[in-house]
Every structure is written in C-alpha cells, then in structure tokens.
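>>> Kindly return the folded structure for what I paste below:
(chains A, B and C)
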Amino acid sequence: MNRKPIFTIIAVLIVIGIYSYDFFIEQKAKSDLIKDGQTVKALTNTFFLPTSTTGQVIHHQNYSLSYNEPYEQAEWVAYELKASHLSSTNRKRPYFEIDEAIKTGAAHWKNYKKSGYDKGHLCPAGDRRFTKAAHDETFLTSNISPQEHQFNAGVWNRLEQKVRYWAKKNDGVFVVTGGILNEDLKTIGEEEVAVPNQFYKVILDHTNGKTKMIAFLMNHENSNLPLYKFVVSVDTLEALTGIDFFPELEDRIENQLEASASYKSWSF
DNA sequence: CTGAGACTC
DNA sequence: GAGTCTCAG
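As a prediction, this is how the structure comes out:
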C-alpha cells in the first residue's frame, strides 16, 4: 500500500513525458516548415524578392510577404506562378485565419466584416489551387487588403487572369503585388486596417534567359479600360513605395528594364 | 473567376 | 463558429 504514491508519481511523469514529446515534435515540425520556406527561397528565387521597408519578411511555403504593421497589411506579396501551378480544381474557400508568423500581430478578419470592403487576396487563391495546402495558405489575413468589390471582381480580377495567361504562355512568371501604402488613408475596423487608394502589380519573366518586366498601377476603382492603359515603369512604383523590386538583378539590366513603361513585348 | 451575407444548429 | 445556400459582376 505504501508503494502506491510511487506508482502515481511515475504515472504522472510518463504523462508529462508524452505531452512534452508531442509538443517538441510539433515545434520541430513548425520550425522545419519555416526553415524549408527560407531554404527554398535562398536556393532558388531569392533574386526576385523585393526589399522590405519594414524588416518583417515572412516566407510561407508558396509565397513570401513583407508586413507593414501600421497599415495592418503586406506592403508586398511575392510568388512564382509556374504554368504547372495552374489548376482547374475547384476548392472550397476556407475561413480566413490570422497569420501567426507575423510577430507584430496580423489583423483579424473581423476588421473587414460589414466594412463594405472585400477581403481582397494579394496572392490570389486562383493562383494557388494546385494543392489544398497551397490554396488554404492564401487565406491568411496577412495576404489581404480592403478592396471595393467592383474593383476586386472587375479590373483587378481581369489583371489577375492576364497574369495567369502570361504564366501559361511564358511557362512561369514572378509576381509582386500590393496596395500603395501612404499617409492619410481611410481605415476599417478596430485595428484600423488601411484602405489603399491604389494597387500595383509587377510581373517578371525570364523565359529562355531573356528577362523582361511589366508593371501596373491602378486606382482603387473599377474600370472598363484595357489593361495596357495601366502600365507604368517599375521606377514609378519604386518612387511611390520606397521598395526596390529586383535588387538581385544585374544593375545594368535592372536600370534599363525598370525605367521602361513599354509593353510591346507582352501580349494582351 | 472575384466575393458577401442570410440562415440553421 | 461551422456548414449550407443564395446572390452579384
């Protein structure tokens, strides 16, 4: 009878041990996930990542972003869209989740509820349908910006579809996108998520060793104008955002390409 | 494709 | 909050 407390203590220790082990495995899996994302970018696509004006760059498995805390959204989201990524698989839309990777705290989706604005994807769900995990990963609140529905479902949607067309045609493109974040923007919700007045997108293609790029700047309103009307130089966007979009590109090529607002080598 | 919102449980 | 359904451009 007097041995009973010993057994109890041993049993408790075993239970604690099991929970600790589970916790350890879970943490290990999480750190591997983050490390993998960084490794992938380091080994392959580093050159296409823009600079960050905030110092908070997050690498997810299928896109990277730079979070701008005061505006409660990403200043840019960057990803590669390969032809093989394009999928017609219909996937169920999950619920938006707070991106736990944002150390300063990503906005809650409730800020958007009944705000009159869409939770507009920056990395589109339609570009990440190749797996459920990739699709779900776009439903993080670090990957959205308040967008008028007419804009999101209209001219912005048209541009996103054009990017898919180029990805298919050129066997892959790099995409950088976001809202123009500057002072005195309207905000929504308790966390005061800023509503950009303009949105931009930069597309880089390096098919067959030739590098070309094209950039778009759109006012935050729907339009029926053809997409080429919104073409600007990357230099224009860099002046507006303070972001250096392709710092790893050879300077001579970078300077030449970024100064151009020509779209003659892109088919619409 | 891009989404919101109402309704039930 | 989760799941299902309807609706709009």
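
>>> When you work out contacts or count neighbours from here on, use the C-alpha atoms and nothing else.
OK.

>>> pLDDT score assigned to the residue of chain A found nearest DNA strand C?
DNA strand C sits closest to residue A:153 of chain A, with a gap of 4.5 Å, by CA to the nearest atom of the strand. For residue A:153, the pLDDT comes out at 95.

>>> so how many other residues sit close to it?
Counted with other CA atoms under 10 Å, residues neighbouring residue A:153 total 14.

>>> can you check residue A:49 too?
Residue A:49 - counted by other CA under 10 Å - has 24 other residues nearby.

>>> and residue A:111, what does it touch?
Counting by CA atoms under 8 Å, 6 or more residues apart in numbering, residue A:111 makes contact with A:188-193.

>>> give me that answer again for 6 Å
Shown in contact with residue A:111 (CA atoms under 6 Å, 6 or more residues apart in numbering): residue A:189.

>>> Now the residue most central in space within chain A. Nearest residue, chain neighbours left out?
By CA atoms, centre = their mean, chain A has its centre lying nearest to residue A:77, at 3.1 Å. Nearest non-adjacent residue to residue A:77, counting by CA to CA, 6 or more residues apart in numbering: residue A:65, 4.3 Å away.

>>> Please verify my assumption that the one you found contacts residue A:75.
No. Using CA atoms under 6 Å, residue A:65 is not in contact with residue A:75; the gap is 7.6 Å.

>>> what are the bridge partners for the residue nearest to residue A:77, then?
Beta-bridge partners for residue A:65, by DSSP bridges, are residue A:58, residue A:77.

>>> do you know how far it is from DNA strand B?
Distance from residue A:65 to DNA strand B, counting by CA to the nearest atom of the strand, to the nearest Å: 16 Å.

>>> what does chain A put close to DNA strand B?
Chain A comes close to DNA strand B at residues A:88-91, A:112-122, A:124-127, A:149, A:152-153, A:157, as judged by CA under 7 Å from any atom of the strand.

>>> In strands, which of those residues appear?
Among the residues of chain A next to DNA strand B, the members falling in strands (DSSP state E) are A:118-121.

>>> And those residues, which is closest to residue A:198?
The closest of these to residue A:198 turns out to be residue A:120 (CA to CA; 13.2 Å).

>>> Show me chain A divided up by domain.
A:1-31, A:36-258 (automatic domain parsing).

>>> roughly how far out does the last one sit from the chain middle?
Put simply, domain A:36-258 sits 5 Å off its chain's centre (CA atoms, centre = their mean, to the nearest Å).

>>> rewinding a little: give me the buried entries from the residues of chain A next to DNA strand B.
A:112, A:117-122, A:124-127, A:149, A:152 (16 or more other CA atoms under 10 Å).

>>> about what we covered before: for the residue of chain A closest to DNA strand C, give me its contacts.
Residues in contact with residue A:153 (CA under 6 Å, 6+ apart): none are found.
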